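> Dropping the sequence and predicted coords here.
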Amino acid sequence: MTTMQYSRSHGFSLVELLVAMVVGLIIVTGAFSLHVASRKTQAVNEMQMDMVADARFAIELIAYDLRHAGMWGGTNKNGLIDCKSTNPCTVSSSAGEALPAATVTGDCANGRYFDLSQPVFASNDTNPYSTCIPPAKNYRLTTDVLEIHYADSNVTASGDLRANQVYVRSNFINGRIFVGTTEPLLESFDSNALTQNHALYSHTYYISTFTDAPADGIPSLHRVALLDSTQMDDQLLVSGVYDLQVQFGEDLTGDQLVDRYVDPDNVTDWSAVFSAKIWLVMRSDTQQPGVNTSKSFQIAGKPAVTLGGVGGFRYFMVSSVINLRNLKQL
């Protein structure tokens with residue numbers, strides 16, 4: 001009996017153990033490969049989601065500015081506003097407010113920051129400015145530059161005025177541009193509840209070939225903005241923005257309805273522009289080894305362009321149509 005129990009209790013043979021190890025190794029290897037593949041897929045999905053979120057943020061920034069373009073506080077008629085660059089004031093009102101300077105550091109052109117005559121402007125595939133977008137900023141060739149001007153829709157109370165900030169004080173009859181904490185006295189309805197102060201904004205959007213330093217090679221969306229230090233400042237908005245294209249909806253018949261969309265260079269009358277189409281092409285920060293990222297895009301009516309490739313960067317495009325409601329002079 002003892003001999004029989006001993007013979008039945010012996011362990012695996014060496015061959016059986018090796019077979020078990022091989023089977024276990026195959027199972028573990030398969031599970032690990034599945035995990036790695038799943039992790040790569042998750043990383044790609046996360047990258048795509050980040051690109052979508054960044055694109056949405058960037059397009060909303062531009063769309064917000066465009067929707068407000070041409071509004072100067074209590075009026076959208078720039079002819080009612082005094083002390084702008086096309087009609088400068090040499091004498092302050094009886095309040096003794098500070099008048100805007102003819103030039104500020106980093107402006108795109110002399111007096112451009114308080115020029116209300118053209119709330120929206122763009123250049124087609126070229127950089128028209130060497131001051132606000134200097135060579136050191138590495139403007140990316142064949143991308144559009146978009147310029148927008150307006151007064152903040154939020155009211156700035158008299159006690160909240162900031163030194164060196166440029167404002168528009170206006171109502172539906174008249175208005176004046178001023179700087180700093182002393183508000184002007186308007187000729188008409190100055191004490192009316194509709195007469196308020198609004199910060200003046202001047203924004204110029206463009207694409208740079210880098211984000212933090214030229215060597216990183218990560219394209220990015222920038223905005224040159226008027227600050228309350230009476231100068232223009234270059235702001236990095238979103239990294240990974242590869243291209244910016246703009247087309248404008250122009251009214252050709254005078255009925256204030258859009259008849260065609262054209263590139264900025266083909267606009268015949270900027271006062272008849274009532275809408276804009278924006279295209280943004282996003283690019284991943286890193287390349288995708290072994291993955292074919294090739295994708296074709298139709299941008300601003302141009303011939304289709306194919307971006308990416310095997311082991312290349314991943315690209316994504318977003319577009320939007322914005323109604324320029326304040327540019328309609330009713």
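Cool, the structure landed.

> where does the most centrally placed residue in the chain land in three-state SS?
With distances taken as CA atoms, centre = their mean, residue 58 lies nearest the centre of the chain, 3.9 Å away. Following DSSP: H, G, I helix; E, B strand; the rest coil, we place residue 58 in the helix state.

> Now do the buried residues in stretch 235-253.
Going by neighbour count (16 or more other CB atoms under 10 Å), the buried part of stretch 235-253 is 237-251. Just so you know, the C-beta spots here come from the backbone N, C-alpha and C atoms, and that holds for glycine as well.

> Could you pull up the mean pLDDT of it?
The average of the pLDDT scores along stretch 235-253 is 95.

> Endpoint to endpoint, that stretch covers what distance?
Stretch 235-253 has its terminal residues 39 Å apart, counting by CA to CA, to the nearest Å.

> follow-up on the earlier one: which of the buried residues of stretch 235-253 lies closest to residue 152?
Set against residue 152, the nearest of these by CB to CB is residue 237 (18.1 Å).

> helix/strand/coil for the closest one?
Residue 237 - assigned by three-state DSSP - is strand.

> Would you quantify the distance from it to residue 260?
Note on residue 237: its distance to residue 260, by CB to CB, to the nearest Å, is 30 Å.

> And for residue 85?
Distance from residue 85 to residue 260, by CB to CB: 30 Å.

> which of these two has more neighbours?
residue 85 (19 against 13; other CB atoms under 10 Å).

> The more buried one touches residue 102, doesn't it?
Yes: checked against CB atoms under 8 Å, the pair residue 85 and residue 102 is within contact range at 7.4 Å.

> okay, and the common contacts of these two?
Residues touching both residue 85 and residue 102 (CB atoms under 8 Å, 6 or more residues apart in numbering): 110, 111.

> how about stretch 268-285 as CSV, C-alpha atoms only?
Provided in CSV are the C-alpha atoms of stretch 268-285 (Å, rounded to 0.1, in the frame of the first residue of the first chain):
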residue,chain,number,x,y,z
THR,A,268,-13.9,94.0,-53.5
ASP,A,269,-15.6,95.9,-50.7
TRP,A,270,-14.7,95.2,-47.0
SER,A,271,-17.8,97.3,-45.9
ALA,A,272,-19.9,94.6,-47.7
VAL,A,273,-18.4,91.7,-45.8
PHE,A,274,-21.0,90.1,-43.5
SER,A,275,-19.7,86.6,-42.6
ALA,A,276,-16.5,84.6,-42.4
LYS,A,277,-15.4,81.0,-42.9
ILE,A,278,-12.6,79.8,-40.7
TRP,A,279,-10.5,76.6,-41.3
LEU,A,280,-7.9,75.4,-38.7
VAL,A,281,-5.7,72.4,-39.4
MET,A,282,-4.3,70.8,-36.2
ARG,A,283,-1.1,68.7,-36.1
SER,A,284,0.0,66.2,-33.4
ASP,A,285,3.2,67.2,-31.4
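
> check contacts around residue 114.
83, 84, 85, 100, 166, 177, 200, 202.

> Residue 284: which of these is nearest?
Distances from residue 284 to those, taken by CB to CB, are shortest for residue 202, at 32.1 Å.

> Tell me what the closest one is bridged to.
The partner list for residue 202 in beta bridges (DSSP bridges) reads residue 149.

> That one against residue 230, yeah?
No: Residue 202 is beyond contact range of residue 230, at 11.5 Å (criterion: CB under 8 Å).

> Of the two, which one has the most company?
Between residue 202 and residue 230, residue 202 has the larger neighbour count (other CB under 10 Å), namely 21 against 18.

> check contacts around that one.
107, 112, 113, 114, 147, 148, 149, 225, 226, 232.

> For it, report the pLDDT, please.
At residue 202, pLDDT is 96.

> That one and residue 323, how far apart?
From residue 202 to residue 323 the distance is 21 Å (CB to CB).

> again with residue 289
44 Å.

> Who has more neighbours out of the two?
Shown here are residue 289 and residue 323; by other CB under 10 Å, residue 323 has more neighbours (15 against 8).

> Quick one, grab the pLDDT at the closest residue to the more buried one other than its chain neighbours.
Once flanking residues are discounted, residue 323 sits nearest to residue 275: 5.2 Å by CB to CB, 6 or more residues apart in numbering. If you check residue 275, the pLDDT there is 95.

> Report the beta-bridge partners for residue 275.
Residue 275 has these beta-bridge partners by DSSP bridges: residue 249, residue 323.

> wouldn't it be in contact with residue 260 here?
No: counting by CB under 8 Å, residue 275 does not reach residue 260; the two are 10.7 Å apart.

> can you list residues touching both of these two?
In contact with both residue 275 and residue 260: residue 249, using CB under 8 Å, 6+ apart.

> on that earlier part again, closest one to residue 119 out of the buried residues of stretch 235-253, please.
Nearest member of the buried residues of stretch 235-253 to residue 119, counting by CB to CB, is residue 248, at 12.1 Å.

> ok, and the closest non-adjacent residue to that closest one?
residue 273 (4.6 Å).

> which residues touch that neighbour?
Here residue 273 is in contact with 120, 248, 249, 250, 251, 267, 324, 327 (CB under 8 Å, 6+ apart).

> Which members of the residues you listed are the farthest-apart pair?
Among those, 120 and 251 lie farthest apart (CB to CB), at 13.9 Å.
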